[in-house]
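Asker: my questions are about this predicted structure, shown below with the sequence.
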Amino acid sequence: MEDLINIFVKSIFIDNMIFAYFLGMCSYLAVSKTVETSVGLGAAVIFVLGITVPVDYLINEYILMPGALSWLSPGLADVDLSFLSFIMFIAVIASMVQLVEMVIEKFSPALYSSLGIFLPLIAVNCSILGGSLFMQERDYANIAEATAFGLGSGVGWFLAIVAIAAIREKIRYSNVPAPLRGLGITFIITGLMGIAFMSFMGIKL
């Protein structure tokens, strides 16, 4: 349990998808104009990462890795399907995003309209695919660790986009120099938040 908590906390603060790796910046910048839409997209990202990372872990362990198919037949022990990783991971991600899109459209049409094109674009969000690729690279011991990493990465992305949305709502009433208004000041604040999150790297987990 302690290992799972460590992975979860580390993926939120130390390995934050936005502030540590700057993945998923397009949606982060475009949707973070209001807290309401940021919460909706952030929740969708948590769901998608929380489902796709463990599913991709199972696919990687039992289908894609060298020798993974030996459970089917000893004659398949030499088969290596790791070259299909990108295709398989993206297929799983696209399926989950389609499910999320249908649910949001059904139960919250207003949020669906406000998110616009960026909701289906979760399927090609770098942070979503990055979660599965990091999971594969780090070779987690079991599906519980992969799930903890996926959920933590989603929560970290959620915190990042909600935080910047709250700040952007406040700075509308600030005297920001004209050349920096909009994305300019947002990039500066994001960089400062990234530096602030680097302080978590000193935490020993």
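Answerer: On my side now, so go ahead.
Asker: what about the longest helix in this structure?
Answerer: In the chain, assigned by DSSP state H, the helix with the most residues is helix 143-171.
Asker: buried stuff in that one?
Answerer: 145-165, 167-168 (16 or more other CB atoms under 10 Å). Backbone N, C-alpha and C define where each C-beta goes, glycine included.
Asker: and it, what other elements does it pack with?
Answerer: helix 2-9, helix 25-31, helix 35-59, helix 126-138, helix 183-197 (3 or more CB pairs under 8 Å, 6 or more residues apart in numbering; DSSP states H and E).
Asker: now it: average pLDDT?
Answerer: Helix 143-171 carries an average pLDDT of 95.
Asker: mind checking the helices and strands packed on helix 143-171 for the one nearest to Ser70?
Answerer: Closest approach to Ser70 among the helices and strands packed on helix 143-171 is made by helix 35-59 (15.5 Å; CB to CB).
Asker: distance between the next helix or strand after that closest one and the chain's centre?
Answerer: With elements assigned by DSSP states H and E, the helix or strand that comes after helix 35-59 is helix 85-107. Centroid separation between helix 85-107 and its chain, computed with CA atoms, centre = their mean, to the nearest Å, is 13 Å.
Asker: can I get helix 85-107 as CSV, trimmed to CA atoms?
Answerer: This file holds the C-alpha atoms of helix 85-107, laid out as CSV (Å, rounded to 0.1, in the frame of the first residue of the first chain):
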residue,chain,number,x,y,z
SER,A,85,2.5,-0.4,-28.8
PHE,A,86,1.5,3.0,-30.3
ILE,A,87,-1.4,1.7,-32.3
MET,A,88,-2.8,-0.4,-29.5
PHE,A,89,-2.4,2.4,-26.9
ILE,A,90,-4.0,5.0,-29.1
ALA,A,91,-6.9,2.6,-29.9
VAL,A,92,-7.7,2.1,-26.2
ILE,A,93,-7.4,5.9,-25.6
ALA,A,94,-9.7,6.7,-28.5
SER,A,95,-12.3,4.2,-27.3
MET,A,96,-12.3,5.7,-23.8
VAL,A,97,-12.5,9.3,-25.0
GLN,A,98,-15.5,8.4,-27.2
LEU,A,99,-17.2,7.0,-24.1
VAL,A,100,-16.5,10.1,-22.1
GLU,A,101,-17.7,12.3,-24.9
MET,A,102,-21.0,10.5,-25.2
VAL,A,103,-21.5,10.6,-21.4
ILE,A,104,-20.8,14.3,-21.1
GLU,A,105,-23.0,15.1,-24.2
LYS,A,106,-25.8,13.1,-22.6
PHE,A,107,-25.7,14.5,-19.0
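Asker: residues making contact with it?
Answerer: Residues outside helix 85-107 that contact it (CB atoms under 8 Å, 6 or more residues apart in numbering) are 40, 44, 47-48, 51-52, 55-56, 59-60, 63-64, 111-112, 115, 119-120, 122-123, 128-129, 132-133, 136.
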